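K.L.:
sharing a sequence plus its predicted fold:
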Amino acid sequence: LCDTDMLRYDSECSAAELCRGRLARRPGKSCSGVSQVCHGPGAPHQALSPPLSISGEQTLQLAAMGWVHSLNERVGDSKVGRYFQVKERRSTFTTELRAGLVTFLTTSYVLAVNSGILSDTGGTCTDADCTGPKAGQPGCRFANDPGFNACVQDVRRSIIAATAATSLMACFLMGAVANLPLAVAPGMGINAYFAYTVVGFYGTGMITYQEALAAVFIEGWIFILISISGVRGRMVSLIPKSIMLATAGGIGLFLAFLGLQNSEGVGLVTYNSATLVTLGGCPLENRVYQYSIADTSADAICKISPDTGLMTPNLGPPSSSFMCKGKRMHLATLWLGIAGITIMAMLMARKVKGAIMMGILFTTFISWIPGHQASYLGAGSQVPGGAERLEYFKHVVAVPNTSKTSLAWSFAAFHKSELWVALITFLYLDFLDATGTLFSMASMLNQRMPGFVNDKDKSFPRQLFAFCVDGVAIVIGSLLGCAPLTVYIESAAGIREGGRTGITALVVSFGFFISLFFTPLIASIPPYATGPALILVGAMMMENLVDIDWADVKHAVPAFLTVVTMPLTYSIAYGVIAGICSYIVLYLGNFFVDLIGVAMGKNNLHAVLVSPGPWDTCDVAPCLLWSVSLLHG
């Protein structure tokens, strides 16, 4: 029993249970001949208790456990297991499967959310698709035209399929090539920048949807080049350890903030015009939606309708953000989400494997029952669009079709400064977002597998492949019509569940493959089912902050700015920028003060140069050059 290391991943198992397991596998035999067993890896041997009788149900359970253990051993010893280093990373095949399923469930919301955001651009639809009374007139797409609206719905379905297809390929590459348990999909935040700033609502932005895709395509190739050349890895190695730890904690807080919101979570936090955020959870009839008005003059806001001669508001489309006018905390979906996170937390406290997955499935199945206040499907749903979701849900199976968005790029706008602004912004946002997330996930793995991350240069196994997969994923996404892809912070849920190898990413890839054909089911997982998982994982990621030297202001202030900026600006990239810049300013300021002391004869130059500073992880000259370059940029 000790040789098979049967209990390697169980915290404890009594000798009596081992005896019963032995009896279950070898009927008629007793435990009298076995005097010692081991409890977990490397634990001291302990004497067996007297043989105990077992029931038929226990026999079946033990037989199932034996079959699972046998499967894990066979996979771990196979060529596949050795390639993915399953045993070296102290994992099992079934653990990887469970972690992959949890990761997929927590990232599956991207299918509905990403398509909803990108379809607001209108995609490839133009005024030529209008069929209503104003067909042929400029701007007819803003007149609720049935033809244009039908085209937008086709674009949305195309983007759902494109999101699933690009995520499928990206996750497969991340698992098979980089051997990391990470999910890669179109990034939240950067897709909003793509949709509402670069392309604009129904194409009212800087450049067209097709031209923006061309910028994303070029950005992907730049990512690949800087990864292969080693520039990306070198730049990351210069980031101080305190900033890396703070990035992981900030991502955790960002995750929790997402899980608390209405669009991607339980809806506990909502918009407020005075305080920006406040307590939410109000029913539909108590919601006041926000409008963004650039020109507040009366002539711009109020228009006289040529058809009726009456004054009509010209406000544009309302935001999805709303404030509550009474009845806070009255929303049934909020309480179902709270029940979900309670179940997850209780199961995790009891050390039940698959706790996060069980909580998500529990909430999802209840939300699929129509006719009650917490239902996600049907006309009575408190989440707008319930009737359409129910009709789509009934299809169960859908044939994937990306014809409306695939290969839609246009390279005709590279002479425009607006496109280059968009390209550079895509590049630095995606670089900091993806790189920060990637290294935060590596830090989580390092906590569970000490030595996974090299303390000297912050590198980890197959780092170059992971960087290149990131760039290749962006290129693939642009081919099918998606905004830039990135490593998902929700991967932390799978790592928390036990994911250690690329098998987890392959399971996520398989989940997106299934979703290509079962999109009606996958897209119907409500945000208040996955939101609790984000909150819980965010709480677990706070453990990274304990290793920061909070007593040293030069470390504490940049770390705090990194953590707090991420959720408040809705950007991982801005958090990393805030942390690095404040770190450089503090250290360079002290460095120059020390140099003045040298000039005045109060300090020794050698002592100043060798004192701890931003060059703790590199040579003085390159670090100073990089610091000045970053501040100048």
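P.N.:
Nice, thanks for sending it over.
K.L.:
pLDDT below threshold where in the stretch 301-450 of the chain?
P.N.:
Applying pLDDT under 70 to the stretch 301-450 of the chain flags residues 316-317, 353-354.
K.L.:
where do the helices of it begin and end?
P.N.:
332-349, 355-367, 386-395, 417-448 (DSSP state H, counting those that start in this stretch).
K.L.:
which SSE is Ala164 in?
P.N.:
helix 146-176 (DSSP states H and E).
K.L.:
what angle do helix 386-395 and that helix make with each other?
P.N.:
Orientation of helix 146-176 against helix 386-395 (axes from the mean of the first three to the mean of the last three C-alpha atoms, to 10 degrees) gives an angle of 60 degrees.
K.L.:
run the angle between helix 146-176 and helix 417-448 for me.
P.N.:
Going by the same axes, to 10 degrees, helix 146-176 makes 40 degrees with helix 417-448.
K.L.:
pLDDT (mean, whole number) over helix 146-176?
P.N.:
In this model, helix 146-176 carries a mean pLDDT of 90.
K.L.:
next one: stretch 80-93
P.N.:
For stretch 80-93, the mean confidence score works out to 90.
K.L.:
Asp299: which of the helices of the stretch 301-450 of the chain is closest?
P.N.:
helix 417-448 (27.7 Å; C-beta to C-beta). Just so you know, the C-beta spots here come from the backbone N, C-alpha and C atoms, and that holds for glycine as well.
K.L.:
chain center to that closest one, what's the gap?
P.N.:
12 Å (C-alpha atoms, centre = their mean, to the nearest Å).
K.L.:
for that helix, name the packing helices and strands.
P.N.:
Applying 3 or more C-beta pairs under 8 Å, 6 or more residues apart in numbering; DSSP states H and E, one finds that helix 417-448 makes contact with helix 190-193, helix 209-228, helix 231-237, helix 241-260, helix 463-480, strand 485-487, helix 491-496, helix 572-599.
K.L.:
tell me which other helices or strands the fourth one touches.
P.N.:
To tie it back to what came earlier, the one meant is helix 241-260. Short answer (3+ C-beta pairs under 8 Å, 6+ apart): helix 241-260 packs on helix 417-448, helix 491-496, helix 527-541, helix 553-569, helix 572-599.
K.L.:
point out the most buried one among those.
P.N.:
helix 491-496 (a mean of 28; mean count of other C-beta atoms under 10 Å).
K.L.:
name the helices or strands packed onto that one?
P.N.:
helix 93-107, helix 241-260, helix 417-448, helix 527-541.
K.L.:
got the angle between the second one and helix 527-541?
P.N.:
Put plainly, it is helix 241-260. Going by the same axes, to 10 degrees, helix 241-260 makes 160 degrees with helix 527-541.
K.L.:
that older thread, closest to Leu568 out of the helices and strands packed on helix 491-496?
P.N.:
helix 241-260 (8.5 Å).
K.L.:
state the mean pLDDT of the following helix or strand past the closest one.
P.N.:
Moving toward the C-terminus from helix 241-260, the next helix or strand (DSSP H and E) is strand 269-272. The average pLDDT within strand 269-272 is 90.
K.L.:
follow-up on the earlier one: and the helices and strands packed on helix 491-496 as CSV, adding distance to Ile489?
P.N.:
Formatted as CSV, the helices and strands packed on helix 491-496 follow (distance: least, C-beta to C-beta, whole Å):
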stretch, distance to Ile489
helix 93-107, 9
helix 241-260, 5
helix 417-448, 5
helix 527-541, 8
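K.L.:
one step back: and the helix holding Ala164, what does it pack onto?
P.N.:
Partner elements for helix 146-176 (3+ C-beta pairs under 8 Å, 6+ apart): helix 109-119, strand 184-186, helix 463-480, strand 485-487, helix 502-517, helix 519-522.
K.L.:
what are the buried residues along that helix?
P.N.:
147-149, 151-152, 154-176 (16 or more other C-beta atoms under 10 Å).
K.L.:
same deal with stretch 246-263?
P.N.:
Quick answer for stretch 246-263 (16+ other C-beta under 10 Å): 246-263.
K.L.:
mean confidence score for it?
P.N.:
84.
K.L.:
can I get that stretch as PDB, trimmed to CA atoms?
P.N.:
Provided in PDB are the C-alpha atoms of stretch 246-263 (Å, rounded to 0.1, in the frame of the first residue of the first chain):
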ATOM      1  CA  ALA A 246       0.600  42.800  -5.700                       C
ATOM      2  CA  THR A 247      -0.500  42.100  -9.200                       C
ATOM      3  CA  ALA A 248      -1.800  38.700  -8.100                       C
ATOM      4  CA  GLY A 249      -3.600  40.300  -5.200                       C
ATOM      5  CA  GLY A 250      -5.000  43.000  -7.400                       C
ATOM      6  CA  ILE A 251      -6.300  40.500  -9.900                       C
ATOM      7  CA  GLY A 252      -8.000  38.700  -7.000                       C
ATOM      8  CA  LEU A 253      -9.700  42.000  -6.000                       C
ATOM      9  CA  PHE A 254     -10.600  42.600  -9.600                       C
ATOM     10  CA  LEU A 255     -12.100  39.200  -9.900                       C
ATOM     11  CA  ALA A 256     -14.200  39.700  -6.800                       C
ATOM     12  CA  PHE A 257     -15.300  43.100  -8.200                       C
ATOM     13  CA  LEU A 258     -16.500  41.400 -11.400                       C
ATOM     14  CA  GLY A 259     -18.300  38.700  -9.400                       C
ATOM     15  CA  LEU A 260     -20.200  41.400  -7.400                       C
ATOM     16  CA  GLN A 261     -21.400  43.300 -10.400                       C
ATOM     17  CA  ASN A 262     -24.700  42.600 -12.300                       C
ATOM     18  CA  SER A 263     -23.300  41.900 -15.800                       C
END
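K.L.:
ok, back up a step: Gly139 is nearest to which of the helices of the stretch 301-450 of the chain?
P.N.:
Per C-beta to C-beta, nearest to Gly139 of these: helix 417-448, 20.7 Å.
K.L.:
now the angle between helix 209-228 and that closest one, please.
P.N.:
50 degrees.
K.L.:
what angle do helix 417-448 and helix 572-599 make?
P.N.:
80 degrees.
K.L.:
got the angle for helix 417-448 vs helix 553-569?
P.N.:
Using the same axes, to 10 degrees: helix 417-448 against helix 553-569 is 120 degrees.
K.L.:
do I have it right that Asn114 meets Asn191?
P.N.:
Yes - contact criterion C-beta atoms under 8 Å: Asn114 and Asn191 qualify, at 5.7 Å.
K.L.:
between these two, what contacts are shared?
P.N.:
482-483 (C-beta atoms under 8 Å, 6 or more residues apart in numbering).
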